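> Structure, please.
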Amino acid sequence: MIRTKRKINKLRGSRSNGGGCTKKRRGAGHKGGKGKAGGKKHHWSWIVKFDPDHYGKHGFKRNKTTVNKVNPVNLDYLDDKSEKFLSSGKASKEGDFIILDVTDLGFNKVLGNGKLLKPLVIKSPSFSKSAEEKIQKAGGEAIVI
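Model (predicted):
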C-alpha cells in the first residue's frame, strides 16, 4: 500500500520523531559523516544518482602545440642501420653513396654522435655543426631540405 502521508507528519509532537532515544540523532554520525564523507564507500549510490560527474576531469584542455618539436637522430644510428634502410626501401643507392632522407624515418635533425664509416648523402631539415663536419670527412654530403 502506498503511504499517503509522510512519516514525519505522523510523528509530529512525539518528542523523538521516530529516532528512538532523543540523544541518538545529535551528531553527524547518524547521517554517515559530514559533507562529502563516504563518497567512495557508503554514500556511493548517492554519488551515482545525484552527482555522477563528481569524479574525473572536466573542462577545457590546454592546446598542445608540436610546431617546433625537435626529433633528433645520431650519425652512428644512421651508419649502423643504413643497410637495413636499403633493404626496406627507405634509402636508395647511387654509386658508392647511400642516400637517406631523414624525414622519411620520422626525424628532423641530425646530430654528430658516433663515427661515420660509409659515405652517406643525408637529407634533413637541420644538422648540427659536428654532424656536417663528420659527414663531409667520410666523403658524404649533408643536404638541408
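
> Torsion angles phi and psi at Gln136?
phi -70, psi -40 (degrees, to the nearest 10).

> contacting residues around it?
For Gln136, the contacting residues are Ala142, by CB atoms under 8 Å, 6 or more residues apart in numbering. (Glycine included, C-beta is placed from N, CA and C.)

> and it, how far is that from Ala37?
With the distance defined as CB to CB, to the nearest Å, Gln136 ends up 71 Å from Ala37.

> Also Glu94?
Using CB to CB, one obtains 74 Å as the distance from Glu94 to Ala37.

> The two - which one has more neighbours?
Neighbour tally, Glu94 and Ala37, criterion other CB atoms under 10 Å: the higher count belongs to Ala37, 13 against 8.

> ok, and the closest non-adjacent residue to that one?
Distances taken as CB to CB, 6 or more residues apart in numbering place His43 nearest to Ala37, at 7.3 Å, with adjacent residues excluded.

> OK, contacts around that neighbour?
Contacts for His43 (CB under 8 Å, 6+ apart) come out as 32-33, 36-37.

> Among the residues you listed, which one has the most neighbours?
Within the contacts of His43, most neighbours by other CB under 10 Å means Gly33, with 15 neighbours.

> Now stretch 126-139: buried residues?
By neighbour count on 16 or more other CB atoms under 10 Å, the buried set for stretch 126-139 is 127-128, 131-132, 134-135, 138.

> hmm, which two among those residues are most spread apart?
Maximum pairwise distance among the buried residues of stretch 126-139 (CB to CB): 15.2 Å, between Ser128 and Ala138.

> one step back: between the buried residues of stretch 126-139, which is nearest Asn17?
Top of the list for closeness to Asn17, among the buried residues of stretch 126-139 and by CB to CB, is Ser128 at 81.2 Å.

> Could you check how far the closest one is from Pro72?
8 Å.

> what is in contact with these two at once?
Here Ser128 and Pro72 have 109-111 as joint contacts, going by CB under 8 Å, 6+ apart.

> could you flag which of those residues are buried?
Those of the shared contacts of Ser128 and Pro72 that meet the buried threshold are 110-111, by 16+ other CB under 10 Å.
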